[in-house]
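Participant: Predicted model and sequence below, questions to follow.
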Protein chains: 2
Amino acid sequence: MKEPPTSLFRTPLTPLSFLRRSASVFRDKPAMLHRGRTTTYAELAERALRLARALQGVGIQKGDRVAVLSPNTPAMLEAHFGVPAAGAVLVALNTRLTSQEIGYILSDCEARTLLVDSELAHLVAHPRGELPCLKNVVTIADEAPARPTGPGYAAFLAAGPPDGASLAVEDEDQLISLNYTSGTTGRPKGVMYTHRGAYLNALSQALELGLNAYTTYLWTLPMFHCNGWCYTWAVTAVGGTHVGLRRVDPAEVFRLIKEHQVTHLCAAPTVLIMLASHAAEHQIALGQRLHIATGGAPPAPEVIQRLESLGAAVTHLYGLTETYGPHSLCEWQPAWDGLPWAERARLKARQGVPDILSLEMRVVDDAMGDVPADGRTMGEVVMRGNTVMAGYYKQPAATAEAFRGGWFHSGDLGVVHPDGYLEVRDRQKDIIISGGENISTIEVESAVFEHPDVLEAAVIAAPDEKWGEVPKAFVVPKPGRLPQPEQIIAFCRERLAHFKCPQAVEIVAELPKTSTGKIQKYVLREKEWSGHDKRVH
Amino acid sequence: MKEPPTSLFRTPLTPLSFLRRSASVFRDKPAMLHRGRTTTYAELAERALRLARALQGVGIQKGDRVAVLSPNTPAMLEAHFGVPAAGAVLVALNTRLTSQEIGYILSDCEARTLLVDSELAHLVAHPRGELPCLKNVVTIADEAPARPTGPGYAAFLAAGPPDGASLAVEDEDQLISLNYTSGTTGRPKGVMYTHRGAYLNALSQALELGLNAYTTYLWTLPMFHCNGWCYTWAVTAVGGTHVGLRRVDPAEVFRLIKEHQVTHLCAAPTVLIMLASHAAEHQIALGQRLHIATGGAPPAPEVIQRLESLGAAVTHLYGLTETYGPHSLCEWQPAWDGLPWAERARLKARQGVPDILSLEMRVVDDAMGDVPADGRTMGEVVMRGNTVMAGYYKQPAATAEAFRGGWFHSGDLGVVHPDGYLEVRDRQKDIIISGGENISTIEVESAVFEHPDVLEAAVIAAPDEKWGEVPKAFVVPKPGRLPQPEQIIAFCRERLAHFKCPQAVEIVAELPKTSTGKIQKYVLREKEWSGHDKRVH
């Protein structure tokens, strides 16, 4: 490897240094296990450096964007090191987007090179001329070498000499990646991550989750999602072992957990519900060794309790694409250890406090004043500091708007409890205002969720002559169950103030979701509000 | 607290932020237990901020030096946050120095304020006029309010309002502390630590030792020693509990371990020997919960094995005052778990690899080329990067000399094993050259150490007509044992090449040591070499 730039006592912070160290310290240890293949740390570093040189070989220069469209494969992990080692900016694309959406992002970031998994190649079959910046498309044959749209990744890598590149950067504030937000309205925006921010957030995850050389991490979370919440870098930092996964199939997940003695995985609550249901059906115990980090949407206490009762340890993380993924966590207090399960789950369902390296988070009113820590007064969650994005790519106006008042505005609404812990109650646009009273849809969903027949639930504001808006619940029942709407309403009334309870419950087979698994409440709302004059949302 | 300075997405790195967070997240959790008193995190932060304001009240300005002479008490921990929160530079003084040595350091760093524990007040009774810069001396009454030499700490603190200061800095590269090296020759030099370096090294320790909110850390290591290897900041970062200790008395150490369910402690090998002997004598099991980090001098494999056989988990750290204390560690490979004890102890006695945040360390020949990783070729250990000092205070020539070739020269000699792990074999001046062959005194000491009657051992070069130099061992026997010199020589010959074995063994009651517990080999050498023409050392 080439000598990295440094001053005597000040080295630029970069996650590339994690691979540099692990390739030396854990050279023969498995860095990644995938489909029967093992990549050691020495091999991962060599392949990342070859990728860097191969990219430079096709003209990639410092600051150029290189896009990747791939499931959680070795090539995808390699790109997280090889692309920045070339001095370029990684754009990991959401594999669930349409061809049109992908075309928009490739055009917006002016990607010069694209690495694409052969299974997804059909998503990037754009007509010539539509993406004038895109000079190279390299096809990764991970599953089946079907329909290659360009030269193969293996040959591309082989063309890159392993020397001449280094796992270092000159400036820790340079960009390491762009992560496009899937946003329900408007065009997606490219969130800018720096080497410094990615380094610090990866360390944060390693520290808070207690990762070490004994860690085996299963990739249930897409690496394209905030660079896998920075676990692409964090697991590499400690010399842990990544376990690849092309898609989340519960049976396969549990098979891999058992086969590789998986210690950690991350997943959104919807995925956890799926896993918990499968485990319950097939009477699979998760075991104390498995640590699950969840986030991306507020998990209901019931979901946490289900998983912990199966034996897993759950950590609740909170953050956004704009905060490198996780920014806060429900930091567990040793004093809570002795509490009853239900109480612990309720405490843990709160979003909590900024992690050790993130530090700055507030809940503010419209005048940017802190809301009282009374567990009742809602405000908007705002953050700043090292693990907040450097802005939206090429969007100074949107960036200025997001950072108004000197803080990044998350759009999440929450309360601060007397112990200082944040609880997110709603997205700014998901709040229900019924007869002048604010109702948190999340609070209502949590109540619906406790019903033993409920698998998934979404609550939205429905129009009402008298109250303006009232809560309405959409419920997916558990397999073989068919709860009656009035049962669920009665169940909620035992738990919530009546005005907060759903006035209507609709039993549905499934809920509309975004490509990242978030429930698309606006789809539900559209239906309810069509034909009404006053559209609150 | 005052608003800290920050840009939108770049906050200066400082260990002060650790206390700021823990005071919010762990407000009622014990930050420190000492002599029956509990200080919560909220109280620690309040006291640190009061100290900062009180210091500003007596004229302390940004960059001024504030010295502290104290055992491991709450006031000493408070100074690690309060002094930098005032914008000042902390100078924690070695409590085992003479009054004259302390006077030199106070003069060299031009300390304006001194906080001194009443028990040590006699060490700073310098005549007026000798220290013109020193404007204020504040006496801390921790044990007994004997002989106060100035206003009391309690009153000083009470005078500082809790607001108007903040646990933040404007520039992460500003100095946080000076740590004077005790060096066996020449005047001590002030090693400059920055906020950024201290922050990163503290995180390193927290990550590598797996510290978290369940950590209870016993202060067997002096806080004046590299700011307690940065554990003053690291334990605070995770919201762990500090347990104070005025002096290392083995019975008291074991009492506190039991009383407070201590999970972690750090100590030099000489202290570990003392603890292991006491535990063996009194049949005390240490238990799997206790993690011991050792460093400061190479521990013999025998010492590691003794402690691990008592049930403790030992981590071997390596570093110098110039590297914020620990810089490297013998990173444990999961693949080594199944090896026999003796083999594991031998592997663990090696200094290892740079830790996750330190990264850059090499072993080089005179031309700054890497020595081969053959486990035989000796070279000097050099380091650079974020966790290497910013230089010696007011000593540009000594700094340039230490950083010649762009790397900090440790003065430690070692080999690199084929697996990339460093093993320190000697200090540059401790090597024995016998008949043209290099002999590592540490290697010889390790062999002597294995003898069941040996408590402590030091090996130096003694003059020899034929070979120029030969190894000579000084041995402190275990209580009640009296090994014969020829027995020890024969014992070594079963383990080492004959030319490496001591030609002479002297049984002594104790070994000469520096104030930090390092064996003063030059004292032993003086005696051996007096009257000889050729003085190799």
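Facilitator: Looks like it came in fine. Keep in mind that this is a model prediction, so the values were computed, not measured.
Participant: Now residue A:503: closest residue in space, sequence neighbours ignored.
Facilitator: residue A:470 (4.2 Å; C-beta to C-beta, 6 or more residues apart in numbering or on different chains). Where you see a C-beta, it was placed from the backbone N, CA and C, and this is true even at glycine.
Participant: List the contacts of that neighbour.
Facilitator: For residue A:470, the contact set (C-beta atoms under 8 Å, 6 or more residues apart in numbering or on different chains) comprises A:432, A:434, A:461, A:462, A:464, A:502, A:503, A:504.
Participant: Next up, the contacts around residue A:308.
Facilitator: By C-beta under 8 Å, 6+ apart, the residues touching residue A:308 are A:314, A:341, A:344, A:345.
Participant: Which secondary structure element is home to the third one?
Facilitator: Of the helices and strands defined by DSSP states H and E, residue A:344 is found in helix A:341-348.
Participant: which SS class is residue A:488?
Facilitator: Here residue A:488 takes the helix state, with states given by DSSP: H, G, I helix; E, B strand; the rest coil.
Participant: Around chain B, pick out the residues from the stretch 51-200 of chain A.
Facilitator: Counting by C-beta under 8 Å from any C-beta of the partner chain, the residues of the stretch 51-200 of chain A lying close to chain B are A:173, A:194, A:196, A:197.
Participant: Revised request: answer the last question for the stretch 401-537 of chain A.
Facilitator: Within the stretch 401-537 of chain A, the residues that sit near chain B (C-beta under 8 Å from any C-beta) are A:403, A:406, A:407, A:408, A:420.
Participant: Can you tell me which helix or strand of chain A has the lowest average pLDDT?
Facilitator: strand A:437-439 (a mean of 71; mean pLDDT, DSSP states H and E).
Participant: can you dump the C-alpha coordinates of the next helix-or-strand element following it into CSV?
Facilitator: Sequence-wise, the next helix or strand downstream of strand A:437-439 (DSSP H and E) is helix A:441-449. The C-alpha trace of helix A:441-449 is given here as CSV (Å, rounded to 0.1, in the frame of the first residue of the first chain):
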residue,chain,number,x,y,z
THR,A,441,-50.6,8.1,15.5
ILE,A,442,-47.7,6.2,17.0
GLU,A,443,-49.3,6.1,20.4
VAL,A,444,-52.5,4.8,18.9
GLU,A,445,-50.6,2.2,16.8
SER,A,446,-48.8,1.0,20.0
ALA,A,447,-52.2,0.3,21.6
VAL,A,448,-53.6,-1.5,18.5
PHE,A,449,-50.5,-3.5,18.4
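Participant: Could I get the average pLDDT for helix A:441-449?
Facilitator: Regarding helix A:441-449, the rounded mean pLDDT is 87.
Participant: what comes into contact with that helix?
Facilitator: Residues outside helix A:441-449 that contact it (C-beta under 8 Å, 6+ apart): A:298, A:300-303, A:349, A:424-426, A:430-432, A:454, A:457-461, A:471, A:473, A:475, A:488, A:491-492, A:495-496, A:500-502, A:505, A:521.
Participant: Just give me the residue right at the centre of chain A.
Facilitator: residue A:225 (4.6 Å; C-alpha atoms, centre = their mean).
Participant: For that residue, give me its contacts.
Facilitator: Counting by C-beta under 8 Å, 6+ apart, residue A:225 makes contact with A:94, A:179, A:296, A:325, A:516.
Participant: Great, nothing more from me.
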